[in-house]
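Chemist: Here is my input; please provide its structure:
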Amino acid sequence: MKVLIADKFEQSGIDGLKAAHCAVDYQPDLKDEALATAIRDSGADILIVRGTPVTAAMLDGGALSLIVRAGAGYNTIDVAAASRRGIYVSNCPGKNSIAVAELTFALILALDRRVPDSAAELRAGHWNKKEYSKARGLFGRTIGLLGYGSVGQEVATRAIAFGMPVVVWSRRFAEGRETPPANLPIRIAKSPEEVAEAADILSLHLALAPETKGMVNRSVLSKLKPGSYVINTARGDVLDYAALEEAVRERQIRVGLDVFPGEPSAAAADFVSTITSMPNVYGTPHVGGSTDQAQEAIAAETVHVVVSYKTTGKVPNVVNLAVKTPATHLLVVRHRDRPGVLAHVFECLRSGGINVQETENVIFEGAEAAVARINVDAAPTDQLLTSIRAHEDIIDLQVVTL
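Modeler: Numbers count the residues shown, from 1 in each chain. Have a look, this model is predicted:
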């Protein structure tokens with residue numbers, strides 16, 4: 001398989017792909033029209049990117065069947081366009097979670113002890129112990145987490161080690177998809193506002209989605225106590241930065257930011273932001289996941305995704321498969337393991353205008369018989385079922401309503 005890597009990528013990952021007999025084309029500076037041209041001209045089967053945007057237009061002329069985001073968030077990839085073209089999109093969730101959690105706490109500690117300011121004064125030749133001895137400390141102060149994915153969980157573990165009570169709001173708990181962990185002393189809140197009201201430090205760990213864009217707005221920020229801290233190492237667009245600037249000016253909120261709306265996609269670029277020039281605001285240029293440990297782990301997971309696809313056709317960590325298909329009925333077909341049996345079933349379904357949504361064929365020991373489970377989007381008529389059963393190698397046929 002041909003693999004095009006259009007971003008900075010660890011040498012260990014490149015070596016792993018080559019060891020798996022992939023033809024690797026490493027062009028880490030590709031973007032925009034140059035990337036579209038490379039996708040088209042290279043004939044690559046697989047594209048690996050980090051933060052480089054992948055648009056619908058880029059996918060039109062190529063032969064891609066898999067895009068791997070060498071990282072967790074995939075909002076820079078047009079996933080809907082990939083889905084329409086039958087292109088898998090995969091990511092590497094959780095591999096940089098520890099790195100992001102570590103930066104989260106670096107920002108919290110920097111805000112509490114004002115490390116950048118005191119370091120700047122020392123470099124300027126000033127010894128100001130009187131000013132920088134003023135710090136609140138973290139022990140006993142409540143940290144509120146919005147989002148409880150892999151990063152949020154790592155932050156919670158570290159906060160507990162610091163002796164900090166933890167309050168959490170997460171869609172997975174609010175929607176009943178998961179139950180809160182019983183092994184950690186955390187409190188679950190009913191809303192982001194409730195978290196902000198309880199928190200001395202509000203830390204954001206929300207994935208960017210239509211329902212989370214701008215979620216941390218003026219309503220949420222207004223619940224914070226004066227002098228509270230806000231940390232964002234998630235995505236810039238989950239936070240209303242205009243409302244945050246107001247909170248900094250009017251209520252002395254301290255802020256640590258690693259992400260920004262409209263941040264440059266290039267590794268080095270000019271960047272001017274009102275909030276980064278404000279007092280009590282510390283920023284880093286979206287480096288949360290950029291430790292050597294994290295990048296090696298992401299490279300290893302990327303290789304794992306590619307090798308699995310190459311050798312089995314299965315893609316780990318797929319983000320764009322349907323959670324629920326339009327299937328309404330399941331056909332369970334026990335049949336002799338002979339050529340043409342399933343072709344007969346599918347031809348009957350086609351003639352009846354019924355679409356197959358998913359299928360699985362399991363072989364019994366000895367390879368004499370098999371059972372096929374076929375999800376379809378409509379109920380087969382009695383006449384169509386009779387046609388299917390007419391094949392001499394059909395042993396049994398059942399229809400289940402889903």
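Chemist: Do a quick rundown of the helices in the stretch 151-300 of the chain.
Modeler: 171-174, 192-198, 218-221, 241-251, 292-312 (DSSP state H, counting those that start in this stretch).
Chemist: Can you get me the centre-to-centre distance for the third one and its chain?
Modeler: It stands for helix 218-221. In terms of Cα atoms, centre = their mean, to the nearest Å, the centre of helix 218-221 is found 25 Å from the chain centre.
Chemist: CA-only coordinates of that helix in PDB, if you can.
Modeler: The C-alpha trace of helix 218-221 is given here as PDB (Å, rounded to 0.1, in the frame of the first residue of the first chain):
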ATOM      1  CA  ARG A 218     -20.900  34.100  29.100                       C
ATOM      2  CA  SER A 219     -23.600  32.100  31.100                       C
ATOM      3  CA  VAL A 220     -21.100  29.600  32.200                       C
ATOM      4  CA  LEU A 221     -18.200  32.000  32.900                       C
END
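Chemist: Break the protein down into its domains, please.
Modeler: 2-94+293-312, 97-290, 329-401 (automatic domain parsing).
Chemist: now those as JSON lines including mean neighbour count?
Modeler: Heads up, the C-betas are built off the backbone N, CA and C, glycines and all. Shown next, in JSON lines, are the domains of the chain (neighbours: other Cβ atoms under 10 Å):
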{"stretch": "domain 2-94+293-312", "mean neighbour count": "19"}
{"stretch": "domain 97-290", "mean neighbour count": "17"}
{"stretch": "domain 329-401", "mean neighbour count": "14"}
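Chemist: As JSON lines, those domains with distance to N320 would be great.
Modeler: Compiled in JSON lines, those are given as follows (distance: least, Cβ to Cβ, whole Å):
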{"stretch": "domain 2-94+293-312", "distance to N320": "5"}
{"stretch": "domain 97-290", "distance to N320": "13"}
{"stretch": "domain 329-401", "distance to N320": "15"}
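Chemist: could you redo the ones you listed as CSV and give each row mean pLDDT and distance to L321?
Modeler: Formatted as CSV, the domains of the chain follow (pLDDT from 0 to 100; distance: least, Cβ to Cβ, whole Å):
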stretch, mean pLDDT, distance to L321
domain 2-94+293-312, 95, 8
domain 97-290, 94, 17
domain 329-401, 95, 10
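Chemist: Indicate which one of those is closest to V323.
Modeler: Closest of those to V323 is domain 97-290, at 11.2 Å (criterion: Cβ to Cβ).
Chemist: End to end on the closest one, go ahead and measure it.
Modeler: 10 Å (Cα to Cα, to the nearest Å).
Chemist: again with stretch 20-36
Modeler: 26 Å.
Chemist: What of stretch 305-322?
Modeler: OK, stretch 305-322 end separation, Cα to Cα: 19 Å.
Chemist: quick revisit: of all the helices of the stretch 151-300 of the chain, which lies closest to Y74?
Modeler: Nearest to Y74 among those is helix 292-312; the distance by Cβ to Cβ comes to 12.7 Å.
Chemist: so how far is the closest one off the chain centroid?
Modeler: The answer for helix 292-312 is 15 Å, by Cα atoms, centre = their mean.
Chemist: by contact count, what packs against that helix?
Modeler: helix 11-19, strand 46-49, strand 66-69, helix 97-113 (3 or more Cβ pairs under 8 Å, 6 or more residues apart in numbering; DSSP states H and E).
Chemist: Reformat these as a markdown table; add distance to T157.
Modeler: Output for these, formatted as a markdown table (distance: least, Cβ to Cβ, whole Å):
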| stretch | distance to T157 |
| --- | --- |
| helix 11-19 | 27 |
| strand 46-49 | 30 |
| strand 66-69 | 25 |
| helix 97-113 | 8 |
